[in-house]
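Visitor: no sequence on hand, only this structure:
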(Lines give C-alpha, C1' and ligand atoms only; values in the text may rest on other atoms or scores of the structure.)
Protein backbone atom coordinates (compact mmCIF):
# COMPACT_ATOMS: atom_id res chain seq x y z
CA UNK A 1 0.00 0.00 0.00
CA UNK A 2 1.48 3.40 -0.92
CA UNK A 3 2.62 5.61 1.98
CA UNK A 4 1.69 9.30 1.92
CA UNK A 5 4.43 11.95 2.16
CA UNK A 6 3.03 13.26 5.47
CA UNK A 7 3.16 9.77 6.96
CA UNK A 8 6.76 9.41 5.79
CA UNK A 9 7.66 12.66 7.51
CA UNK A 10 6.04 11.45 10.76
CA UNK A 11 7.98 8.20 10.48
CA UNK A 12 11.17 10.20 9.91
CA UNK A 13 10.59 12.23 13.05
CA UNK A 14 9.85 9.12 15.09
CA UNK A 15 12.90 7.33 13.74
CA UNK A 16 15.12 10.29 14.53
CA UNK A 17 13.85 10.28 18.12
CA UNK A 18 14.55 6.55 18.46
CA UNK A 19 18.06 6.94 17.07
CA UNK A 20 18.83 9.86 19.35
CA UNK A 21 17.52 8.00 22.38
CA UNK A 22 19.55 4.89 21.48
CA UNK A 23 22.95 6.58 21.40
CA UNK A 24 25.28 5.13 24.06
CA UNK A 25 23.33 1.91 24.73
CA UNK A 26 25.70 -0.38 22.72
CA UNK A 27 27.54 -1.49 25.88
CA UNK A 28 24.53 -2.46 27.99
CA UNK A 29 25.88 -6.05 28.58
CA UNK A 30 29.46 -7.34 28.50
CA UNK A 31 28.67 -10.36 26.31
CA UNK A 32 26.35 -8.64 23.85
CA UNK A 33 27.40 -8.62 20.21
CA UNK A 34 28.09 -5.03 19.15
CA UNK A 35 25.81 -3.86 16.36
CA UNK A 36 28.57 -2.04 14.57
CA UNK A 37 26.80 -1.83 11.23
CA UNK A 38 23.83 0.08 12.70
CA UNK A 39 26.07 2.47 14.66
CA UNK A 40 28.13 3.21 11.56
CA UNK A 41 25.03 3.53 9.42
CA UNK A 42 23.64 6.43 11.46
CA UNK A 43 26.82 8.33 12.21
CA UNK A 44 26.54 10.65 9.23
CA UNK A 45 23.40 12.75 8.59
CA UNK A 46 23.55 11.92 4.89
CA UNK A 47 23.05 8.23 5.56
CA UNK A 48 20.18 8.97 7.94
CA UNK A 49 18.30 10.90 5.30
CA UNK A 50 18.80 8.13 2.77
CA UNK A 51 17.60 5.55 5.28
CA UNK A 52 14.39 7.54 5.81
CA UNK A 53 13.83 7.65 2.02
CA UNK A 54 13.80 11.48 1.85
CA UNK A 55 14.52 11.22 -1.89
CA UNK A 56 11.14 9.57 -2.32
CA UNK A 57 9.52 12.43 -0.48
CA UNK A 58 11.17 14.92 -2.84
CA UNK A 59 9.28 13.45 -5.71
CA UNK A 60 6.01 13.91 -3.85
CA UNK A 61 6.26 17.67 -3.62
CA UNK A 62 8.87 18.05 -0.88
CA UNK A 63 12.32 19.50 -1.52
CA UNK A 64 15.62 18.76 0.22
CA UNK A 65 17.90 21.63 1.31
CA UNK A 66 21.00 21.04 3.44
CA UNK A 67 19.70 17.68 4.64
CA UNK A 68 16.42 19.20 5.91
CA UNK A 69 12.94 19.19 4.45
CA UNK A 70 10.91 22.26 3.64
CA UNK A 71 7.33 22.56 2.50
CA UNK A 72 6.76 23.34 -1.19
CA UNK A 73 6.26 26.99 -2.05
CA UNK A 74 2.75 28.19 -2.75
CA UNK A 75 1.89 28.94 -6.31
CA UNK A 76 1.96 32.55 -7.44
CA UNK A 77 -1.79 32.38 -8.02
CA UNK A 78 -2.41 31.47 -4.37
CA UNK A 79 -0.04 34.20 -3.18
CA UNK A 80 -1.83 36.83 -5.21
CA UNK A 81 -5.12 35.90 -3.54
CA UNK A 82 -3.92 36.74 -0.03
CA UNK A 83 -6.72 38.05 2.15
CA UNK A 84 -6.38 41.69 3.12
CA UNK A 85 -6.38 42.30 6.92
CA UNK A 86 -9.62 43.63 8.31
CA UNK A 87 -9.22 46.81 10.34
CA UNK A 88 -10.35 46.41 13.93
CA UNK A 89 -13.02 48.82 15.12
CA UNK A 90 -11.73 51.66 17.26
CA UNK A 91 -12.25 51.08 20.96
CA UNK A 92 -14.39 53.60 22.79
CA UNK A 93 -12.58 55.49 25.54
CA UNK A 94 -13.25 54.13 29.03
CA UNK A 95 -15.86 55.99 31.08
CA UNK A 96 -14.63 58.34 33.81
CA UNK A 97 -13.98 56.74 37.17
CA UNK A 98 -16.48 59.08 38.81
CA UNK A 99 -18.93 61.19 36.82
CA UNK A 100 -19.72 64.81 37.73
CA UNK A 101 -23.23 63.74 38.75
CA UNK A 102 -21.87 61.00 41.01
CA UNK A 103 -19.44 63.40 42.69
CA UNK A 104 -22.27 65.88 43.36
CA UNK A 105 -24.31 63.11 44.98
CA UNK A 106 -21.39 61.83 47.08
CA UNK A 107 -20.44 65.31 48.31
CA UNK A 108 -23.62 67.41 48.31
CA UNK A 109 -21.77 70.46 49.60
CA UNK A 110 -19.38 70.75 46.66
CA UNK A 111 -20.01 74.03 44.76
CA UNK A 112 -21.44 73.20 41.29
CA UNK A 113 -18.88 75.45 39.57
CA UNK A 114 -16.06 73.49 41.21
CA UNK A 115 -17.12 70.12 39.84
CA UNK A 116 -16.02 70.89 36.29
CA UNK A 117 -12.62 72.05 37.54
CA UNK A 118 -11.82 69.07 39.74
CA UNK A 119 -13.44 66.03 38.13
CA UNK A 120 -10.64 65.39 35.60
CA UNK A 121 -7.67 65.72 37.99
CA UNK A 122 -9.56 63.71 40.61
CA UNK A 123 -10.17 60.84 38.21
CA UNK A 124 -6.64 60.99 36.84
CA UNK A 125 -5.15 60.78 40.32
CA UNK A 126 -7.32 57.76 41.21
CA UNK A 127 -6.49 55.92 37.99
CA UNK A 128 -2.76 56.50 38.34
CA UNK A 129 -2.60 55.37 41.95
CA UNK A 130 -4.77 52.25 41.92
CA UNK A 131 -7.76 53.79 43.69
CA UNK A 132 -9.79 51.54 41.48
CA UNK A 133 -12.73 50.00 43.33
CA UNK A 134 -15.79 51.56 45.00
CA UNK A 135 -14.47 51.06 48.53
CA UNK A 136 -11.17 52.81 47.81
CA UNK A 137 -12.83 55.54 45.76
CA UNK A 138 -15.50 56.27 48.38
CA UNK A 139 -12.88 56.39 51.14
CA UNK A 140 -10.57 58.64 49.11
CA UNK A 141 -13.30 61.10 48.16
CA UNK A 142 -14.67 61.17 51.71
CA UNK A 143 -11.28 62.13 53.14
CA UNK A 144 -10.65 64.79 50.49
CA UNK A 145 -14.13 66.26 50.94
CA UNK A 146 -13.56 66.84 54.66
CA UNK A 147 -9.97 68.03 54.35
CA UNK A 148 -10.78 70.52 51.55
CA UNK A 149 -14.12 71.73 52.92
CA UNK A 150 -16.08 70.02 50.12
CA UNK A 151 -13.41 71.01 47.58
CA UNK A 152 -13.82 74.71 48.34
CA UNK A 153 -10.16 75.23 49.27
CA UNK A 154 -6.81 73.53 48.81
CA UNK A 155 -5.14 75.51 51.59
CA UNK A 156 -5.81 75.27 55.30
CA UNK A 157 -7.86 78.18 56.66
CA UNK A 158 -5.76 78.41 59.83
CA UNK A 159 -2.40 80.19 59.80
CA UNK A 160 -0.34 77.10 60.56
CA UNK A 161 1.28 78.56 63.67
CA UNK A 162 -0.02 75.58 65.61
CA UNK A 163 2.51 73.42 63.74
CA UNK A 164 5.52 75.51 64.71
CA UNK A 165 8.28 73.39 66.23
CA UNK A 166 6.54 70.10 65.43
CA UNK A 167 9.57 67.84 64.96
CA UNK A 168 7.30 64.94 64.01
CA UNK A 169 6.32 66.97 60.92
CA UNK A 170 9.90 68.00 60.20
CA UNK A 171 9.23 71.60 61.23
CA UNK A 172 12.64 72.27 62.75
CA UNK A 173 13.33 75.74 61.38
CA UNK A 174 11.69 79.01 62.49
CA UNK A 175 8.56 79.75 60.48
CA UNK A 176 8.10 76.16 59.23
CA UNK A 177 4.67 75.90 60.86
CA UNK A 178 3.11 78.64 58.71
CA UNK A 179 5.27 77.92 55.68
CA UNK A 180 4.29 74.26 55.50
CA UNK A 181 0.72 74.33 56.74
CA UNK A 182 -1.89 72.03 55.22
CA UNK A 183 -2.23 72.31 51.43
CA UNK A 184 -3.59 70.22 48.59
CA UNK A 185 -6.83 68.26 48.40
CA UNK A 186 -5.79 66.18 51.43
CA UNK A 187 -4.02 69.00 53.34
CA UNK A 188 -0.45 67.67 53.31
CA UNK A 189 1.31 69.29 56.27
CA UNK A 190 4.90 69.80 57.46
CA UNK A 191 8.35 70.30 55.97
CA UNK A 192 9.05 66.57 55.97
CA UNK A 193 6.03 65.79 53.78
CA UNK A 194 6.73 68.73 51.48
CA UNK A 195 10.28 67.42 51.02
CA UNK A 196 9.06 63.89 50.23
CA UNK A 197 6.56 65.31 47.74
CA UNK A 198 9.30 67.29 46.03
CA UNK A 199 11.39 64.14 45.63
CA UNK A 200 8.41 62.20 44.28
CA UNK A 201 7.10 64.77 41.79
CA UNK A 202 10.17 66.79 40.87
CA UNK A 203 8.35 69.99 41.86
CA UNK A 204 10.18 72.05 44.48
CA UNK A 205 7.43 72.40 47.07
CA UNK A 206 9.99 73.16 49.79
CA UNK A 207 11.05 76.40 48.12
CA UNK A 208 7.57 77.09 46.72
CA UNK A 209 5.03 75.62 49.16
CA UNK A 210 2.20 77.65 47.61
CA UNK A 211 2.36 75.44 44.49
CA UNK A 212 0.82 72.62 46.49
CA UNK A 213 -2.48 74.51 46.60
CA UNK A 214 -2.87 74.80 42.82
CA UNK A 215 -5.46 72.63 41.09
CA UNK A 216 -2.84 70.89 38.94
CA UNK A 217 -0.99 69.65 42.05
CA UNK A 218 -3.74 69.30 44.64
CA UNK A 219 -4.94 65.83 43.59
CA UNK A 220 -1.60 64.41 42.49
CA UNK A 221 -0.16 65.17 45.90
CA UNK A 222 -3.24 63.86 47.68
CA UNK A 223 -2.89 60.54 45.84
CA UNK A 224 0.83 60.43 46.73
CA UNK A 225 -0.04 60.88 50.42
CA UNK A 226 -2.70 58.16 50.08
CA UNK A 227 -0.39 55.55 48.53
CA UNK A 228 2.60 56.46 50.74
CA UNK A 229 0.47 55.35 53.71
CA UNK A 230 -0.79 52.26 51.85
CA UNK A 231 -4.36 53.48 52.32
CA UNK A 232 -5.76 51.40 49.46
CA UNK A 233 -5.09 48.27 51.48
CA UNK A 234 -6.26 49.92 54.70
CA UNK A 235 -9.55 50.87 53.04
CA UNK A 236 -9.96 47.32 51.71
CA UNK A 237 -9.27 45.65 55.04
CA UNK A 238 -9.34 47.88 58.13
CA UNK A 239 -12.16 50.25 57.18
CA UNK A 240 -12.98 53.94 57.04
CA UNK A 241 -12.26 54.75 60.70
CA UNK A 242 -8.66 53.54 60.41
CA UNK A 243 -8.26 55.39 57.11
CA UNK A 244 -9.49 58.56 58.82
CA UNK A 245 -7.00 58.13 61.67
CA UNK A 246 -4.09 57.79 59.25
CA UNK A 247 -5.17 60.82 57.23
CA UNK A 248 -6.13 63.15 60.06
CA UNK A 249 -4.14 61.79 62.98
CA UNK A 250 -7.28 61.53 65.06
CA UNK A 251 -11.06 61.52 64.88
CA UNK A 252 -11.70 65.09 63.73
CA UNK A 253 -15.00 65.22 61.77
CA UNK A 254 -15.17 61.44 61.91
CA UNK A 255 -18.97 61.35 61.59
CA UNK A 256 -18.76 63.41 58.41
CA UNK A 257 -16.04 61.18 56.96
CA UNK A 258 -18.07 58.05 57.66
CA UNK A 259 -21.26 59.60 56.24
CA UNK A 260 -19.51 60.68 53.00
CA UNK A 261 -17.94 57.24 52.71
CA UNK A 262 -21.28 55.46 53.08
CA UNK A 263 -22.89 57.84 50.60
CA UNK A 264 -20.05 57.20 48.18
CA UNK A 265 -20.54 53.45 48.41
CA UNK A 266 -24.27 53.78 47.76
CA UNK A 267 -23.63 55.91 44.67
CA UNK A 268 -20.71 53.95 43.21
CA UNK A 269 -22.23 50.52 43.78
CA UNK A 270 -25.41 51.35 41.88
CA UNK A 271 -25.63 49.41 38.59
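Guide: It's in. Please read all numbers here as calculations on a predicted model, not as lab measurements.

Visitor: going forward, measure contacts between C-alpha atoms and count neighbours the same way
Guide: Noted.

Visitor: residue ranges of the strands in the protein, please?
Guide: According to DSSP state E, the chain carries its strands in the segments 63-65, 68-70.

Visitor: give me the mean pLDDT for the first one.
Guide: Okay, so that is strand 63-65. When pLDDT is averaged over strand 63-65, the result is 43.

Visitor: same question, stretch 254-271
Guide: pLDDT averaged over stretch 254-271 gives 95.

Visitor: just the buried positions in it, please.
Guide: If you call a residue buried by 16 or more other C-alpha atoms under 10 Å, then stretch 254-271 has these buried ones: 254, 257-258, 260-265, 267-268.

Visitor: now do stretch 192-206
Guide: Residues 192-198, 203, 205-206 are the ones in stretch 192-206 that count as buried (16+ other C-alpha under 10 Å).

Visitor: how about residue 155: what's its closest non-neighbour residue?
Guide: residue 183 (4.3 Å; C-alpha to C-alpha, 6 or more residues apart in numbering).

Visitor: bridged to the one you found, which residues?
Guide: Taking DSSP bridges, one finds residue 155, residue 188 as the beta-bridge partners of residue 183.

Visitor: wait, doesn't it sit right on residue 157?
Guide: No: with contact defined as C-alpha atoms under 8 Å, residue 183 and residue 157 do not form a contacting pair (9.7 Å).

Visitor: okay, those two: which has more neighbours?
Guide: For the pair residue 183 and residue 157, the greater number of neighbours falls to residue 183 (28 against 12), based on other C-alpha atoms under 10 Å.

Visitor: tell me the pLDDT of the more buried one.
Guide: According to the per-residue confidence, residue 183 scores 97 in pLDDT.

Visitor: roughly how far does it sit from residue 200?
Guide: Going from residue 183 to residue 200 by C-alpha to C-alpha, to the nearest Å gives 16 Å.

Visitor: cool, and residue 267?
Guide: In this structure, residue 267 lies at 33 Å from residue 200, with C-alpha to C-alpha as the measure.

Visitor: and if you look at residue 229?
Guide: 14 Å.

Visitor: now swap in residue 111 and tell me
Guide: As defined by C-alpha to C-alpha, residue 111 lies at a distance of 31 Å from residue 200.

Visitor: poorly predicted segments of the stretch 51-200 of the chain, please.
Guide: Within the stretch 51-200 of the chain, the segments meeting pLDDT under 70 span 51-84, 92-96.

Visitor: how about the helices of it, start to end?
Guide: If you assign secondary structure with DSSP state H, counting those that start in this stretch, the helices in the stretch 51-200 of the chain sit at 54-58, 76-80, 100-106, 112-128, 134-147, 176-179, 191-201.

Visitor: hey, which of those is tucked in deepest?
Guide: Each of these was given a mean neighbour count from mean count of other C-alpha atoms under 10 Å, and the largest, a mean of 25, is that of helix 134-147.

Visitor: show me what it packs onto, helices and strands only.
Guide: Judged by 3 or more C-alpha pairs under 8 Å, 6 or more residues apart in numbering; DSSP states H and E, the packing partners of helix 134-147 are helix 231-237, helix 240-248, helix 254-268.

Visitor: give me the contact list for the last one.
Guide: It refers to helix 254-268. Contacts with helix 254-268, where a contact means C-alpha atoms under 8 Å, 6 or more residues apart in numbering, come from 98, 102, 105-107, 134-135, 137-139, 141-143, 146, 240-241, 244.

Visitor: repeat for stretch 228-240
Guide: Counting by C-alpha under 8 Å, 6+ apart, residues outside stretch 228-240 touching it are 130-131, 135-136, 139, 226, 242-243, 246, 257-258, 261.

Visitor: from those, pick the one nearest residue 90.
Guide: Comparing the contacts of stretch 228-240 against residue 90 with C-alpha to C-alpha places residue 130 closest, at 25.6 Å.
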